[in-house]
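Enquirer: what follows is a protein structure lacking sequence information:
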DNA sequence: TTATTACTTTAGAATAGTTATAATCTAAGC
DNA sequence: GCTTAGATTATAACTATTCTAAAGTAATAA
């Protein structure tokens, strides 16, 4: 399938050889129609479910970090306990459901652009991240 | 000094006995004119500087967590490597200087209020956090 | 193809931040 | 001053992440 070529390109572009394990990871991350949010732990479990052989954590970390570096994945700071990643790398923000420990996209059109009337001399803005924490009412 | 009474009250209100160690922590956190941002590691070092005897990490964690629970401190998610805390618990946002690994307050008046045109059924908003990452230009 | 080489995978060791434990100590109330 | 419930401490345990080194595999050249 043409997806596979896509995966290989992504890997090559990230400086990684297209190995069996990495292609499997690509399938999970970029193969679906929907973008999704995951922790390394989540990804590791999904890999284990969809594959008989498990992929070692080291490989998962390495691959995710390489994709992060190339902008194929985005890291989301929610709390300090775990890293969350997002396959949707476009500008957008998130709800964080504290009861379910789950991220939900807020598309860019659903938020007014954030305006900051303050500058730091000698610094440029790299990103603006909005995190809306929600809980059951 | 009257500050000391204040510290004792804060501790009592957080369900903690006012011990020597905890009062020392209070002095550092709430004794200055300025609010400040810190990691547990930072706090531990400051304690060591300002005191001859060191306070154990366990005590520092316990006290910080109790203050967090009572809203005397605020936790700020920057990245997954370390927890950052803020003695300024009023509504406000932050710059994060990636080169210096340092947080800088954005006062509420320096940002237009963030408007989100999306609701999650059955959930209420607990907080809206804006983090503006900056780097040297 | 096959051989060679450089990069990968993997399990498990190492590390860092955080939490739990159990013995010793201390604030609070009598 | 006692008594006791709760605190402090050093250290062990735990969890997420990174490192390591041996064995395996993709890429390249012959």
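Expert: Arrived safely. The structure presented is a predicted model; accordingly, all values stated were derived computationally and were not measured.
Enquirer: what's across from the most centrally placed residue in chain A in the sheet?
Expert: With the centre of chain A defined as its mean C-alpha position, the nearest residue by C-alpha atoms, centre = their mean is residue A:86, 2.3 Å away. Taking DSSP bridges as the rule, residue A:86 bridges to residue A:37, residue A:74.
Enquirer: contacting residues around it?
Expert: Contact criterion C-beta atoms under 8 Å, 6 or more residues apart in numbering or on different chains gives A:35, A:36, A:37, A:73, A:74, A:75, A:76, A:94, A:103 as the residues in contact with residue A:86. To be clear about C-beta, it is placed using only N, CA and C from the backbone, and glycine gets the same treatment.
Enquirer: does chain B sit close to the top helix by length along chain A?
Expert: Using DSSP state H to assign secondary structure, the helix with the most residues in chain A is helix A:57-70. No: remark: helix A:57-70 sits outside contact range of chain B, by C-beta under 8 Å from any C-beta of the partner chain, the gap being at least 11.9 Å.
Enquirer: list the contacts of that helix.
Expert: Residues from elsewhere that reach helix A:57-70, judged by C-beta under 8 Å, 6+ apart: A:10, A:13-16, A:21-22, A:25, A:29, A:40, A:43-44, A:47, A:73-75, A:85.
Enquirer: do that again at 7 Å, thanks
Expert: Contact partners of helix A:57-70, identified using C-beta atoms under 7 Å, 6 or more residues apart in numbering or on different chains, comprise A:13-16, A:21-22, A:25, A:40, A:43-44, A:47, A:73, A:75, A:85.
Enquirer: wait, which of those is closest to chain B?
Expert: Of all these, chain B sits closest to residue A:75, with 7.6 Å by C-beta to the nearest C-beta.
Enquirer: does the closest one touch residue A:87 like I think?
Expert: No: if you go by C-beta atoms under 7 Å, residue A:75 and residue A:87 don't touch, sitting 11.7 Å apart.
Enquirer: domain parsing of chain A, as residue ranges.
Expert: According to the domain assignment given by automatic domain parsing, chain A is divided into the following structural domains: A:2-76, A:89-134.
Enquirer: using CSV, lay out the ones you listed together with distance to DNA strand C, mean neighbour count and mean pLDDT.
Expert: Below are the domains of chain A laid out as CSV (distance: least, C-beta to the nearest atom of the strand, whole Å; neighbours: other C-beta atoms under 10 Å in any protein chain shown; pLDDT from 0 to 100):
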stretch, distance to DNA strand C, mean neighbour count, mean pLDDT
domain A:2-76, 3, 15, 90
domain A:89-134, 15, 15, 90
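Enquirer: mind putting those into a markdown table with distance to residue B:121?
Expert: Conversion of those to a markdown table gives the following (distance: least, C-beta to C-beta, whole Å):
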| stretch | distance to residue B:121 |
| --- | --- |
| domain A:2-76 | 19 |
| domain A:89-134 | 11 |
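Enquirer: for residue B:114, which of those domains is the nearest?
Expert: For residue B:114, the closest of these is domain A:89-134, at 5.8 Å, according to C-beta to C-beta.
Enquirer: now do the strands in chain A.
Expert: Using DSSP state E, the strands found in chain A span residues A:37-39, A:74-76, A:84-86, A:93-97, A:102-106, A:123-136.
Enquirer: residue A:131 pairs with what?
Expert: On DSSP bridges, the residues paired with residue A:131 through beta bridges are residue A:94, residue B:129.
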